[in-house]
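Engineer: here's my sequence, what's the structure:
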Amino acid sequence: MAAAGRAVPAFEPIRAAVQRYIKDERIDRREGVITINHLVPRAAAARYRDAVERAADENRMRLIVSGPWPPYAFADTW
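Structural biologist: As a prediction, the model looks like this:
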């Protein structure tokens, strides 16, 4: 994804906290809601979730973490 498409400035502290776990990222913007999908190895899922939640709390950010789910958001790259 182009850097401009990835620009979600408020999310940067979260991305920095989990970058080591992310294999790919997709961002979807609809009606004021931003959905960020991360492709994370199954073995790292719990550490990823902990890091996201800790960084969100430290930055007073409201977000919802769901999954792990099958990588539907990445299906076009298979």
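Engineer: check which element follows the lowest-mean-pLDDT helix or strand in the chain along the chain.
Structural biologist: Within the chain, no helix or strand scores below helix 3-6, which has a mean of 51 by mean pLDDT, DSSP states H and E. Following helix 3-6 in sequence order, the next helix or strand is helix 12-18 (DSSP states H and E).
Engineer: what residues of that next one count as buried?
Structural biologist: Buried residues in helix 12-18, defined by neighbour count with 16 or more other C-beta atoms under 10 Å: 14, 15, 17, 18. From N, CA and C alone the C-beta is placed, and that goes for glycine too.
Engineer: check which helices and strands it sits against.
Structural biologist: helix 45-58 (3 or more C-beta pairs under 8 Å, 6 or more residues apart in numbering; DSSP states H and E).
Engineer: tell me the pLDDT of the nearest residue to residue 42 once chain neighbours are set aside.
Structural biologist: Counting by C-beta to C-beta, 6 or more residues apart in numbering, residue 42 lies nearest to residue 68, which is 6.6 Å off, once chain neighbours are set aside. Per-residue pLDDT puts residue 68 at 85.
Engineer: what's the answer for residue 35, then?
Structural biologist: Note on residue 35: pLDDT of 88.
Engineer: ok so, going back, tell me which element the residue nearest to residue 42 is part of?
Structural biologist: Using DSSP H and E, no helix or strand contains residue 68.
Engineer: how many neighbours does it have?
Structural biologist: By other C-beta atoms under 10 Å, the residues close to residue 68 number 14.
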